[in-house]
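Engineer: Test case, fold it:
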Amino acid sequence: MHIRSTRFLFAGTALWLAASPAFALDGNDLVKKLTAGFNLQEGDIAVGSIDVNGSTVTLKGMSVGKAGATPDARVKLGDVTLNGVEEDDAGGYTIEKASFQDINLTEDKTTLTAKDMYLTGLYIPGDVNGDTIDSLLTYEEGHSGPMTVSVEGKQVLGIRETSFSMERTEDDSTLSFDGTIDGVSVDLTTIDDPKSKETIESLGLTKIDGNISMVGSWEIDSGTISMTEYAFDFANIGRLNIEASVSGYTMQFLKSLRETTKAMEQTENKEAAQQAAGLAMLGLLQQLSFNSAKISFDDDGITKRSLNYAGKTQGVSGEQMAMMLKGMAPLMMAQLNMPALQNSVSAAINTFLNNPRNFTIAAEPKAPVPLPMIIGAAQAAPNTLPDMLGVSVAANR
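Structural biologist: Here you go, the predicted structure:
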């Protein structure tokens, strides 16, 4: 009987501990590590109270801003509900879904609204000073539904949906990311300045509709960040896409960057802190190298309208304005003293202005170029940069 009673006692105690949220999760510790994960200082994220109920944590009256700032200077997020919260052996937290309240903020004559905001697969590191990907705050998806900005009751900016995602490879060697901002609409008819209004109407930009997208990856060991797509695609304007790749952005680099930023913020003498931070940043730049970059533009009518408007202001036609630009291009390039690039730029401009389709500027050096070398060349001999970076210009390809 004694042994049986003891077993019942231990079993009952175990069940009570498992069901008790006070022992299962520490809400204050979660907020502290959430703050560190976002590379913020303690107190930058503040909550009115923390409600822990099993694996659900509700951060009530959450706000973000500098510690000690007045309530009006902080961004109020309301109640944030964290579902499926679990603490791992390393002191970090995994969260199935973090849900935010709808936003409806009005300041002066401007109103901001946003709905259906959440993060899924959120991971909060137990220690942000580690050397692995587990010391980074990551998430699987960040989402927002409709967002609007209105001035005096009239909508000037709208976004149908925003979605960003991250994915870690099984061996934790690469972190891939992509994002889309769909259904971007901008209404510029509310601009009152007569000259600006005339320009906008002449260019056909009173209503702007389009999307923004981003795709890239980060190789942890080499620190290579590759942005394969960062595109702004708007109807009746065109598609501008930016690609870039740099290496050396390793976990050690990120750790040093965090330490430098933290030291600067904690130093009372801000002028001295900025000077020290500037020197530290120059040292950090030694670790980064430029791999490649490309800027491309696919025209959807904006070039012709721009030529017509520019020609109108000069008292000539759009075709005549194009001819003037073709003649000016070689003269402007000659002043830059870049003979290797002068002919290709002039040829590309002529081709594009004759039939605006696409225009591309690429920089593809034979080998990665350290950033300090680029900065030094830009200051001492900028005309050597095209050869150093392998710059090329092309149109309608």
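Engineer: quick one, what contacts residue 155?
Structural biologist: By CB atoms under 8 Å, 6 or more residues apart in numbering, the residues touching residue 155 are 148, 149, 187. (C-beta placed from N, C-alpha, C; glycine too.)
Engineer: And it, what's its pLDDT?
Structural biologist: You'll see residue 155 listed with a pLDDT of 94.
Engineer: doesn't it fall inside a helix?
Structural biologist: No: going by DSSP: H, G, I helix; E, B strand; the rest coil, the assignment for residue 155 is strand, not a helix.
Engineer: That one pairs with what?
Structural biologist: residue 150 (DSSP bridges).
Engineer: could you show me where the helices are in the chain, in order?
Structural biologist: 2-19, 21-24, 27-37, 194-202, 251-266, 270-285, 302-314, 318-335, 339-354, 371-380, 385-389 (DSSP state H).
Engineer: Just want the angle from the fourth one to helix 302-314.
Structural biologist: Helix 194-202 runs at 140 degrees relative to helix 302-314, counting by axes from the mean of the first three to the mean of the last three CA atoms, to 10 degrees.
Engineer: what's helix 194-202 in contact with?
Structural biologist: Residues outside helix 194-202 that contact it (CB under 8 Å, 6+ apart): 188, 191, 206, 305, 308, 309, 312.
Engineer: Of all the helices of the chain, which one is nearest residue 110?
Structural biologist: Closest approach to residue 110 among these (CB to CB): helix 194-202, 18.8 Å.
Engineer: just how off-centre is that closest one within its chain?
Structural biologist: Distance of helix 194-202 from the chain centroid (CA atoms, centre = their mean, to the nearest Å) equals 31 Å.
Engineer: what is the mean pLDDT for it?
Structural biologist: pLDDT averaged over helix 194-202 gives 91.
Engineer: residues of it that come out buried?
Structural biologist: residue 200 (16 or more other CB atoms under 10 Å).
Engineer: on that earlier part again, just the buried subset of the contacts of helix 194-202, please.
Structural biologist: 188, 305, 308, 309.
Engineer: Would you check which pair of those lies furthest apart?
Structural biologist: Among these, 188 and 308 lie farthest apart (CB to CB), at 18.6 Å.
Engineer: Let me see the confidence value for the closest residue to residue 214 other than its chain neighbours.
Structural biologist: Residue nearest to residue 214 in three dimensions, not counting chain neighbours: residue 179, with 4.6 Å by CB to CB, 6 or more residues apart in numbering. Per-residue pLDDT puts residue 179 at 96.
Engineer: before we move on, what about residue 249?
Structural biologist: 94.
Engineer: thinking again about what came up before, quickly check the contacts of helix 194-202 for the two that are furthest apart.
Structural biologist: Among those, 191 and 308 lie farthest apart (CB to CB), at 20.4 Å.
Engineer: What ranges in the stretch 251-397 of the chain fall below the confidence cut-off?
Structural biologist: Applying pLDDT under 70 to the stretch 251-397 of the chain picks out residues 265-270, 272-274, 277.
Engineer: Let's see that with 50 instead.
Structural biologist: Applying pLDDT under 50 to the stretch 251-397 of the chain flags no residue at all.
Engineer: how close does residue 292 get to residue 106?
Structural biologist: 45 Å (CB to CB, to the nearest Å).
Engineer: no wait, residue 286
Structural biologist: 48 Å.
Engineer: ok, now residue 88?
Structural biologist: 41 Å.
Engineer: same thing with residue 198?
Structural biologist: Residue 198 is 31 Å from residue 106, by CB to CB.
Engineer: same thing with residue 294?
Structural biologist: 42 Å.
Engineer: Let me know which of the helices of the chain is tucked in deepest.
Structural biologist: Highest mean neighbour count among these (mean count of other CB atoms under 10 Å): helix 27-37, with a mean of 19.
Engineer: What is the neighbour count of residue 178?
Structural biologist: 16 (other CB atoms under 10 Å).
Engineer: nearest spatial neighbour of residue 251, skipping sequence neighbours?
Structural biologist: residue 131 (5.0 Å).
Engineer: Over to residue 231?
Structural biologist: Residue 231's closest residue in space is residue 241 (CB to CB, 6+ apart), at 4.3 Å.
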